[in-house]
Each structure stands twice: as C-alpha cells, then as structure tokens.
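Engineer: Would you be able to build a 3D model of this:
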Amino acid sequence: MEGDAGNTVHNGTGHTGTGHTGTGHAGAGHAGAPAPGTEPTGAAVILRVLRVSLHVGFAVLLLVALVRLLAGGITGQDWITLLLALLLAAFYLVGTVLEKRHAAHRTRFDPRPYSAWWLGGVSLLWLLLIWTSADFVWLAFPLFFLQLHVLPRRLALPAIALSTLFVIGALWFHNGVGAPSGQAAAEPASVAPQLPMVLGPAFGAAFAVVTGLAYRALFLEAENQRLAAEELRRTRAELARTQHNAGTLAERTRLAREIHDTLAQGLSSIVLMGRAAEKALDDGEPAVARERLRVVRDTAAANLAEARNFVRALQSPDLEDGSLVAGLLRLCEQTEAETAARGTGLRCRLDVEGVPAELPAAHQTVLLRAAQASLANVRAHAQAGTAVVTLSFLGQDVAMDIYDDGTGFDPSALPARPDGSGYGLTSLRDRVAALHGQLDIESAPGEGTVVAIRLPLGQAPGPNAAPAPASGDRK
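Structural biologist: Predicted coordinates for the structure are as follows:
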C-alpha cells in the first residue's frame, strides 16, 4: 500500500481534485513493473531498487531504535514503546505484503483504495513512538517518501512540513523539556531548539521532496515505456490478425477465380454436352452421341488435371507442355470442337503479331485464363460465327484481344446474379490489375465484343499476382 509510489504523476503534475483516497495509485510494486513475459526496462529496475531501498531503510531505522531501547533495559513505559514499535512493524509489513501480492496477481485483494488510511495508521503509531523515545524520530525520512507517494502533492507537501515540525519538537522535547533533571539544570527547558535540531530535519525533508519528485518523473517515464510496449504488442497482434485475414481472403479469391475459369466452365460444358448426347441418342444418331461423349470425356479429363494442379499449386496443364501460343492454339481447337458437337459451328482462330518471346509464368496464366473464360462466354452467350484471338508481342508489353461477331452486350449493365455468375469481369479486372496491366471491353448490343488486355513486361507482380489467371465473363 505504501507502494502507490509515483502513481500521483500520471499527468506529470500530480493529482488534482478532492476526495482523493489513493484509489488512483498503482503501487510501487506496480511502478515500472514489466508486463508478464517481458524483460524489465532500465527505469523499471531503478524503481524496483528504490522501492526495496525504502522498505530496507524503514526496517533498519526501526531495528536500530529497538536495539537502543532493549540495550537500556525495559522498564516502565519502555514496554509501551516496545509494543508500539512491534505494532508499527506489523502494520507496515501487512500493507507492503498486500500491495506486493496485488502487484503480482491483479485478481487478488486490491489494497490501494485503503492506502491513505494505512498511511494514517503508520503516521499515528510513529507520532506515539516519538513521544515516548527520540530514537524513533529518524523514521520520519522514509515516512516523507511514503507521504509523497500515497498522498496527492497538494496534501503531501503540508504533511511533510507538519512531520518535520513534529521531529523538531520531539528532539527539543527529549533533549530539553523531557531531559533528566541533571541535564535540565545545565540546559534549561525553556531554551529554544538548537540549530542542528532544526537544520537536520529540514534538510532531510527537502531532500525527500526532491528525491520524491525525481522518483515521480522516473515512474512516469517507466509507465510511458510500459504503455508504449503494450500498444506495440497490441499493434503487432492486430497486424498479425489483419495479415492472416488478408491472406485468407486472397486465397479464397484465388480459388474462386481458378474454379470459375476452369472447373465451373468445364462442368458447364459437360452438362451441355451430356444433354446434346442424350438428344442424339433419342434421335437415333449414335455416331453424333459418341462424338459428344468424347468431348465430355476430354473436358472432364482436362478439368481433372486442373483440379490436381490446384492441389499442387502448379500452372495450368495447357502451359506445361508448350508455350502460351501452343496453349491458345489448343484452346481454339477445343472451342471449335465443342461448338461443332453442339451444332452451332463457331470458327475460332489465333493470330500472333510480333516476335514471340518467353513470358513470365504469371503473364502466361493470366492470358490463357482470359482466353478460356472469354471464349466460354462466346460459346454460351454470343451466338457468334467467328472468334479471333490476337496475341501481340509489343516489346515492353504483351497484348491479347478476343473478338467475336456475336450479339454483343452492354458492359455497364451487367447485373449480379444469385447463382454466382457475373463474377468473371470482376475477376478479370483483379487479375490484370495484379500485374499492373490494363483491361478494356468494347461491346454493344448487335455489334459483337472485343476484350482487350495489355500487360507490361519486366514489372513485379502486385500482391494478388499469385492467382494470376483472368476471366472475361459476361454472366
């Protein structure tokens, strides 16, 4: 409880207001105490040393007074002095132990609201002791520090001044008025206190005030360091949570893009081809049904390979055995075969402009996924007769245009759909933006569609570049 040391300096100027009972103090055991699991700071170590020194000083001064009392023999009122000294030691010890236990375990009894009452009890016992023996007046010096620590400054300074007067009065009383008769003749009782009796306690009080103020400043620094360390820990924890959430969201976005551009499109094609095969069987055309089932088989095999690559986090199977140009050629052939199996007869071709160059894996995947999704849209929605994929190598950039002569649409009027479709354009824009590229969609009802992508080469991918693929869905 004495350990409310330094807690009067939370605002750097001491307490203000009325009715202070010490409830705002944290305790000297708290002052500068490091948080659990952290190393104590230099200021915290100094505060701990000062706190221990305060307790040791009080105990030593009390022990010296008791030794002098016992050395002279216990007679008369000396028994009362001994009882008061033991009571003071016990009262002081109980307060410090309770404060220390609360400092170590905050869930235990908090003695801080009673610190002012505890200080009052210590002071009262001390006053009774100095009235019975001058040997106990020197306990005033640790008491000065307790008054500074427990009381607000506006009360601590008058209390120290009053305690100093009591010390001077006790010394004068025991060396003058209360002196034996033989000494009283040589040194009359009415004589004023001698200069050492005044200067000693006065300088001691002044030293205690200066040291107490320095202690407050040191406590404030230690408290600020503790708060800064706690804020840093909270910030790190929040940053870790934010990064974890961002990573989770990025991974979900990556999987959504991959599933949308590969598995979802493939499964949609399988469903359509399965229906077409059933219709061919109903019409008595087993050769046509067999051809459509072959498309189903090839599409399912391709989607199975894509799913396995998701697990291994590898690039698309269409890019494993050749370049992007070869992958786009296979895509055009697959598109023509699928539409032929459906009976719509879309003609798809690939044009390459410029000198083909080796592209980064992320760029190849983005362009291939964009072509896959765009051609899937052409098959499903455009009712087009021709689709042209143009891959252009432009030195520092690579560009790809996917054109179809179908029905077209209004890019600014694409409603979100509850079945999860309509995600393609958003996905495509995110993928292209991750590689610092540019996406343009030109279309109008009845005028066909052009999806134009331009990617810079030699530039580091953005934070979302890992899921590199792209899509240009109108759905």
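Engineer: Packing partners of the one helix or strand A208 maps to?
Structural biologist: Using DSSP states H and E, A208 maps to helix 195-258. On a contact count with 3 or more CB pairs under 8 Å, 6 or more residues apart in numbering; DSSP states H and E, helix 195-258 meets helix 42-71, helix 140-150, helix 153-172, helix 286-312, helix 424-434. To be clear about C-beta, it is placed using only N, CA and C from the backbone, and glycine gets the same treatment.
Engineer: chain center to it: distance?
Structural biologist: Here helix 195-258 is found 15 Å from its chain centre; the criterion is CA atoms, centre = their mean, to the nearest Å.
Engineer: Same check on stretch 163-177?
Structural biologist: 59 Å.
Engineer: And stretch 326-343, by the same measure?
Structural biologist: In terms of CA atoms, centre = their mean, the gap separating the centre of stretch 326-343 from the centre of its chain is 52 Å.
Engineer: ditto for stretch 272-280
Structural biologist: Distance, centroid of stretch 272-280 to centroid of chain: 56 Å (CA atoms, centre = their mean).
Engineer: Show me what counts as buried in it.
Structural biologist: Residues L272, M273, A276, A277, A280 are the ones in stretch 272-280 that count as buried (16 or more other CB atoms under 10 Å).
Engineer: Tell me which entries of those residues lie within helices.
Structural biologist: If you go by DSSP state H, the buried residues of stretch 272-280 have L272, M273, A276, A277, A280 in helices.
Engineer: Okay, the third one and V94: tell me how far apart.
Structural biologist: This means A276. Noted for A276: a distance of 92 Å to V94, by CB to CB, to the nearest Å.
Engineer: what do you get for the first one?
Structural biologist: Distance check for L272 against V94: by CB to CB, it reads 86 Å.
Engineer: Then L125 would be within a helix, right?
Structural biologist: Yes: according to DSSP: H, G, I helix; E, B strand; the rest coil, L125 belongs to a helix.
Engineer: And the pLDDT for it?
Structural biologist: Note for L125: predicted pLDDT of 87.
Engineer: contacting residues for the closest residue to it other than its chain neighbours?
Structural biologist: Distance criterion CB to CB, 6 or more residues apart in numbering; nearest residue to L125, sequence neighbours excluded, is L88 at 4.2 Å. L88 makes contact with L62, V122, L125, W126, L129, according to CB atoms under 8 Å, 6 or more residues apart in numbering.
Engineer: Neighbour count and distance to P113 added to those, as CSV?
Structural biologist: CSV is the format used below for the contacts of L88 (neighbours: other CB atoms under 10 Å; distance: CB to CB, whole Å):
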residue, neighbour count, distance to P113
L62, 22, 26
V122, 23, 17
L125, 19, 21
W126, 24, 22
L129, 24, 27
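Engineer: Is it possible to get CSV of those residues that adds distance to Q265?
Structural biologist: Output for these, formatted as CSV (distance: CB to CB, whole Å):
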residue, distance to Q265
L62, 88
V122, 83
L125, 89
W126, 89
L129, 93
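Engineer: List just the nearest of these to G385.
Structural biologist: V122 (101.2 Å; CB to CB).
Engineer: so that closest one sits right up against F145, yeah?
Structural biologist: No: V122 is beyond contact range of F145, at 11.9 Å (criterion: CB atoms under 8 Å).
Engineer: Quick one: residues contacting E336.
Structural biologist: By CB under 8 Å, 6+ apart, E336 lies in contact with L346, R347, C348.
Engineer: Any of the residues you listed buried? List them.
Structural biologist: By 16+ other CB under 10 Å, the contacts of E336 give L346, C348 as buried.
Engineer: before we move on, the earlier item: H102 versus the residue nearest to L125, what's the distance?
Structural biologist: 22 Å.
Engineer: repeat for V210
Structural biologist: 29 Å.
Engineer: if we can go back for a sec, closest one to A357 among the helices and strands packed on helix 195-258?
Structural biologist: That would be, of these and by CB to CB, helix 424-434, which comes in at 19.1 Å.
Engineer: tilt between whichever helix or strand comes after that closest one and helix 424-434?
Structural biologist: For helix 424-434, the following helix or strand on the C-terminal side (DSSP H and E) is strand 438-443. Angle, strand 438-443 to helix 424-434, by axes from the mean of the first three to the mean of the last three CA atoms, to 10 degrees: 150 degrees.
Engineer: Return strand 438-443 as PDB; C-alpha atoms alone will do.
Structural biologist: C-alpha atoms of strand 438-443 as PDB (Å, rounded to 0.1, in the frame of the first residue of the first chain):
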ATOM      1  CA  GLN A 438      -4.900  -2.600 -68.500                       C
ATOM      2  CA  LEU A 439      -8.300  -4.200 -69.400                       C
ATOM      3  CA  ASP A 440     -10.800  -2.700 -71.900                       C
ATOM      4  CA  ILE A 441     -14.100  -4.200 -73.000                       C
ATOM      5  CA  GLU A 442     -15.700  -2.900 -76.100                       C
ATOM      6  CA  SER A 443     -19.200  -4.100 -76.900                       C
END
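Engineer: oh, and call the first residue 54 from now on, that's how I've got it
Structural biologist: All right, first residue 54 from here; so that's strand 491-496.
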